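>>> return atomic coordinates for the entry below.
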Amino acid sequence: MSITAQIESRIARMRKGVPFSIEGFYELGTESAVQKAFSRLAKSGEIVRVSKGFYVRPKSIESLPGAKVMPSPEDVAKAWARNYGYKLVSNGFEAAYRIGLQSQAPARTIYWTNGPSREFKVGNSTVEVKHVASSKLKWLNQPEGMILRGLSVMEPEHFKPEQFRKVFKRLSLTGSEKERVLSNLKHSTLNSQWRQKLAQVESASV
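Numbering: from 1, shown residues only. Okay, the predicted model is just below:
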């Protein structure tokens with residue numbers, strides 16, 4: 001089977017509308033041969049290039065057969081992170097908004113990563129990915145991780161321990177979960193002022 005046929009066969013099994021990396025196909029032949037095959041498939045409309053090195057099988061809208069659903073730049077950024085094994089999290093300002101420490105949503109979509117900084121643009125939408133220290137990426141998909149990132153962009157001087165009630169309620173934490181979260185955050189890389197605030201929260205049993 002030719003390289004092009006192998007690539008077409010593999011792509012045909014992929015979900016429409018979900019971005020994928022060309023790098024996963026380099027095992028089928030030389031980079032030049034794979035890139036030429038992708039170029040031909042893109043020209044024929046079988047795939048669409050959505051960002052450097054990333055493509056998608058176009059997905060049609062049932063009510064508008066001629067229109068295509070394209071992935072968001074967030075989808076492409078997440079595919080990039082999965083492809084290279086990078087961590088990817090919402091930035092501190094987004095985290096602060098989600099847990100109720102800020103009332104205004106960030107104007108731009110920015111992710112933090114341990115990979116290189118870059119931008120992903122699809123159509124008129126852009127997502128920025130910024131490299132940060134690994135200490136800011138701890139506790140992925142855990143409440144303490146969201147709180148850590150939110151607090152890291154805020155000033156502790158005017159922060160009242162009672163504000164954590166809103167945070168805990170927003171995250172639907174149980175009593176034991178609150179204790180674990182506070183204990184972990186007290187031993188995190190947050191500055192001494194924040195650790196003092198957390199100790200006050202812990203002693204007040206917020």
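
>>> ok, now how distant is S21 from V69?
As judged by Cβ to Cβ, to the nearest Å, S21 and V69 stand 20 Å apart. To be clear about C-beta, it is placed using only N, CA and C from the backbone, and glycine gets the same treatment.

>>> for this protein, which segments are assigned as helices?
3-12, 31-44, 73-84, 92-98, 143-152, 163-170, 175-186, 192-204 (DSSP state H).

>>> from these, which stretch is densest packed?
Mean neighbour count, computed with mean count of other Cβ atoms under 10 Å, is highest for helix 143-152 among the helices of the chain, reaching a mean of 23.

>>> could you list every helix and strand in contact with that one?
With contacts defined as 3 or more Cβ pairs under 8 Å, 6 or more residues apart in numbering; DSSP states H and E, helix 143-152 has these neighbours: strand 88-90, helix 92-98, helix 175-186.

>>> hmm, back to that, more crowded one of S21 and V69?
S21 (17 against 12; other Cβ atoms under 10 Å).

>>> and that one, what pLDDT?
pLDDT recorded at S21 is 96.

>>> quick check, pLDDT for the residue lying closest to it once chain neighbours are set aside.
Spatial nearest neighbour of S21, excluding adjacent residues (Cβ to Cβ, 6 or more residues apart in numbering): N83 at 4.4 Å. pLDDT recorded at N83 is 93.

>>> contacting residues for N83?
By Cβ atoms under 8 Å, 6 or more residues apart in numbering, N83 lies in contact with S21, E23, G24.

>>> how close does it sit to S134?
Counting by Cβ to Cβ - N83 and S134 are separated by 19 Å.

>>> before we move on, what about G100?
26 Å.

>>> domains in the chain, by residue range?
Taking automatic domain parsing as the criterion, the chain consists of the domains 3-69, 73-204.

>>> look at the nearest residue in space to E74 that is not next to it in sequence and say how many residues are nearby.
Nearest non-adjacent residue to E74, counting by Cβ to Cβ, 6+ apart: V127, 5.5 Å away. V127 has 21 neighbours, counted by other Cβ under 10 Å.

>>> E155 now?
9.

>>> next one: S134
Neighbours of S134 (other Cβ under 10 Å): 9.

>>> with the one 4 residues further on instead?
Close neighbours of K138, defined as other Cβ under 10 Å, add up to 17.

>>> what's near enough to touch N184?
Counted by Cβ under 8 Å, 6+ apart, N184 has contacts W139, E144.

>>> if we use 10 Å, what do you get?
By Cβ atoms under 10 Å, 6 or more residues apart in numbering, N184 lies in contact with K138, W139, Q142, P143, E144, G145, I147, L148, L198.

>>> I'd like to know which helix or strand in the chain has the lowest mean pLDDT.
Averaged element by element with mean pLDDT, DSSP states H and E, the chain has its least confident helix or strand at strand 64-69 (a mean of 70).
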